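[1] Build the 3D model from these lines:
(one chain, ligands or ions: 1)
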Amino acid sequence: MDQTRTLGKTDLQVKRIGFGANAVGGHNLFPNLNDETGRDLVRTALDGGVNFIDTAFIYGLGRSEELIGEIVSERGGRDKMVIASKGAHKEVNGDIELDNSREFLRGEVEKSLKRLKTDYIDLYYVHFPDDKTPMAEVAGTLKELKDEGKIKAIGASNLDFKQLQEFNADGYLEVFQSEYSLIHRDAEKDLLPYCEEQGISFIPYFPLASGLLTGKFTKDSTFDDIRKDNPQFQGETFIKNLEKVDKLKALAKDKQAKTAHLALAWLLTRPAIDAIIPGAKRPDQLKNNLRTLDIQLTDDEAEYISGIFK
Ligand code: NAP
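    Numbers count the residues shown, from 1 in each chain. You can find the predicted model right below:
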């Protein structure tokens, strides 16, 4: 499998398996994280040849960016890394609001640059729409930042189809990030086809459906983080998901691979998906996910896998 791709129409060359760093410093998202494991995760990613790291302000309210900045600057080689970050979340009296205004996003990029200890961000996404600022205006703000060299590529995340088209009215959008995995297929309706048609790179988030596609859960598993409110982990839906994952597990066994590898390798067979950014809580999980690059899926296998979850 070719391990490097150019992200859409950008100049950014990424290894096809990146690292989603919401569990690096993301204390507000997951219980019982510690900074040292976060640092270890970043070191493990770099040691494993990962050159594409995905972070955001909201992952630890800047802590994820700080830890990544610390390790990348300690290691050197910033120019070989593709660092993606996101903004839109604003703290107001302890609450979080969304803001896509030019003034706010420009300020956020400056703060991200400091936390990441860098003078440019390779890819900057507006993290969520604020449902107030027109999307074409948000794209214009990111274009301005790109022209100034503060960001190298323009991204958007969590837009619906109409917002996606509005954001891309002037053709500025280069990378789109949205939820997509074997379990969560909504993007196939219009988001993915639009990205494919427009040459926009599509980065799927929750590629392992928050761990469900690793095959490690049973009907008795319990959750104490964001998964406890996720319908995919509840009741009948959860049981049905486990049954489907069992079928994937059987194929993985035949191929002497892990269930997670097949779920990730399948994503890499989809159009518009240049790279993926699986997350990890522990270095061994990250290392394991990198082994996906050893897996080759035939067209028939990819179709079979797709069919299990349709
Ligand atoms: P994910 O990649 O679907 O699942 C990652 C989780 O699965 C890990 O934290 C770990 O959790 C478990 N896991 C991973 N590899 C494993 C392995 N080999 N064996 C067993 N368990 C394993 O979900 P995600 O990390 O939340 O999403 C990926 C990235 O997408 C994020 O890190 C973030 O960068 C990005 N993201 C973006 C948005 C957005 O709004 N744009 C939203 C969500 C995420 P446990 O050990 O706790 O089970």
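[2] Now do the same contact list for the residue nearest to Y194 when sequence neighbours are not counted.
    In space, not counting the residues next to it along the chain, Y194 is nearest to L164; the distance is 6.3 Å by CB to CB, 6 or more residues apart in numbering. Placement of C-beta: from N, CA and C, glycine included. The contact partners of L164, by CB atoms under 8 Å, 6 or more residues apart in numbering, come to A156, L173, F176, L191, Y194.
[3] The fourth one touches F202, doesn't it?
    Yes: the pair L191 / F202 is scored as a contact, 7.3 Å apart, by CB atoms under 8 Å.
[4] residues shared between the contacts of these two?
    The contact sets of L191 and F202 overlap at F176, S178 (CB under 8 Å, 6+ apart).
[5] Which one's more surrounded, these two?
    Taking neighbours as other CB atoms under 10 Å, L191 and F202 compare with F202 leading, 25 against 21.
[6] related to what we said a few turns ago, among the contacts of L164, which are in strands?
    A156, F176 (DSSP state E).
[7] I'd like to know which of the contacts of L164 are buried.
    Neighbour counting with 16 or more other CB atoms under 10 Å marks A156, L173, F176, L191, Y194 as buried within the contacts of L164.
[8] The ligand next: which of those are close?
    The subset of those within reach of the ligand, by CB under 6 Å from any ligand atom, is empty.
[9] and those residues as a markdown table, adding pLDDT and distance to S221?
    Rendered in a markdown table, the data for the buried ones among the contacts of L164 read as follows (pLDDT from 0 to 100; distance: CB to CB, whole Å):
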| residue | pLDDT | distance to S221 |
| --- | --- | --- |
| A156 | 98 | 34 |
| L173 | 98 | 38 |
| F176 | 98 | 32 |
| L191 | 98 | 30 |
| Y194 | 98 | 36 |
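[10] R227: which of the residues you listed is nearest?
    Nearest to R227 out of the buried ones among the contacts of L164 is L191 (CB to CB; 23.5 Å).
[11] Could you find the closest non-adjacent residue to the closest one?
    That would be S178: by CB to CB, 6+ apart, it lies 5.6 Å from L191.
[12] quick one, what contacts the residue of the stretch 201-310 of the chain found nearest the ligand?
    Of all residues in the stretch 201-310 of the chain, G279 sits closest to the ligand, at 1.9 Å by CB to the nearest ligand atom. G279 sits next to F19, G20, A21, N22, A23, L208 when contact means CB under 8 Å, 6+ apart.
[13] what pLDDT does G8 get?
    pLDDT recorded at G8 is 94.
[14] For it, pull up the helix or strand it's in.
    Remark: G8 resides in no helix or strand, with elements defined by DSSP states H and E.
[15] Can you get me a residue count around it?
    23.
[16] Now it: closest residue in space, sequence neighbours ignored.
    Leaving aside its chain neighbours, G8 sits nearest to S201 (3.5 Å; criterion: CB to CB, 6+ apart).
[17] wait, the one you found sits on L7?
    Yes: using CB under 8 Å, S201 is in contact with L7, at 4.4 Å.
[18] Give the residues shared as contacts by these two.
    Residues within reach of S201 and of L7 at once, by CB under 8 Å, 6+ apart, are E174, V175, D274, A275.
[19] Might you report the residue contacts of the second one?
    Translated: V175. Neighbours of V175 in contact, by CB under 8 Å, 6+ apart: 7-8, 10, 84, 123, 125, 153-156, 200-203.
[20] give me that answer again for 10 Å
    If you count contacts by CB atoms under 10 Å, 6 or more residues apart in numbering, V175 has them with 7-10, 12, 84, 123-125, 153-157, 195, 200-203, 274-275.
[21] Thank you, goodbye.
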